[in-house]
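for reference, the sequence and a predicted model appear below.
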Amino acid sequence: MQRKMIGALLCIFVLSTLLTACAAPKNGAAQAIEGYLQALVAKNPDKVVSLSCASWESQAQTEVDSFGAVTARLDNMSCKETGKNGNQTLVSCTGKIVTTYNNENQDIDLSSRTYVAVQEDNQWRMCGYK
C-alpha cells in the first residue's frame, strides 16, 4: 500500500512540474521587446529604461518623452525572434502603435523596424532597432 502511495505522489509531482514548466511565461528576446513597447505606450519611463540596455537608456527616455502629448495603444502586437547578429538577437514584430492627438489617429507600423535585444545582467533588454 505504501509503495502505491509513494508511486502516486511521485507521479503527481512529475505531472505538476511538467504542467508548470509548460505554462511558465518565456523570458526571451521577443518578450523583452514586447514589454518595452507596452511600457512605452503606457508612458512608464522607469519601466522603459529598466527594459533597455545601458547604451539605449537615454534613447529610451527620449522615446517615452515623444509620447507625452498623445494617447497611445498597441494594436495586435506580436513579436518573434528572427535571427542573430553576434551577441544581438533580432526581433520582428507585427501590429501597430496607434497614437491619438486632437481626435486624429496615426499608426506606427511595428513591422517597419527590426528590433535588437541583448542580454545584460542575465536579462533580455531592448537595445535599439534597424
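Happy to help now that I have it.

three-state assignment of the nearest residue to residue 67 once chain neighbours are set aside?
Using Cβ to Cβ, 6 or more residues apart in numbering and skipping the chain neighbours, the partner closest in space to residue 67 is residue 43 (5.5 Å). In this view, the C-beta of every residue, glycine as well, is placed from N, C-alpha and C. Look at residue 43: counting by DSSP: H, G, I helix; E, B strand; the rest coil, its state is coil.

by mean pLDDT, which helix or strand of the chain comes out lowest?
In the chain, no helix or strand scores lower on mean pLDDT, DSSP states H and E than helix 2-23, which sits at a mean of 37.

where in the protein is pLDDT low?
Along the chain, the parts satisfying pLDDT under 70 run over 1-27.

helices of that one, start to end?
2-23, 29-41, 45-50, 57-66 (DSSP state H).

distance check, residue 102 against residue 53.
35 Å (Cβ to Cβ, to the nearest Å).

who has more neighbours out of these two?
Higher neighbour count among residue 102 and residue 53: residue 53, with 21 against 6, using other Cβ atoms under 10 Å.

ok, the more buried one - contacts?
With contacts defined as Cβ atoms under 8 Å, 6 or more residues apart in numbering, the neighbours of residue 53 are 118, 120, 125, 126, 127.

phi, psi for the closest residue to the third one other than its chain neighbours please.
Okay, so that is residue 125. Nearest residue to residue 125, sequence neighbours excluded (Cβ to Cβ, 6+ apart): residue 53, at 4.3 Å. Dihedral angles of residue 53 (phi, psi; degrees, to the nearest 10) stand at phi -70, psi 160.
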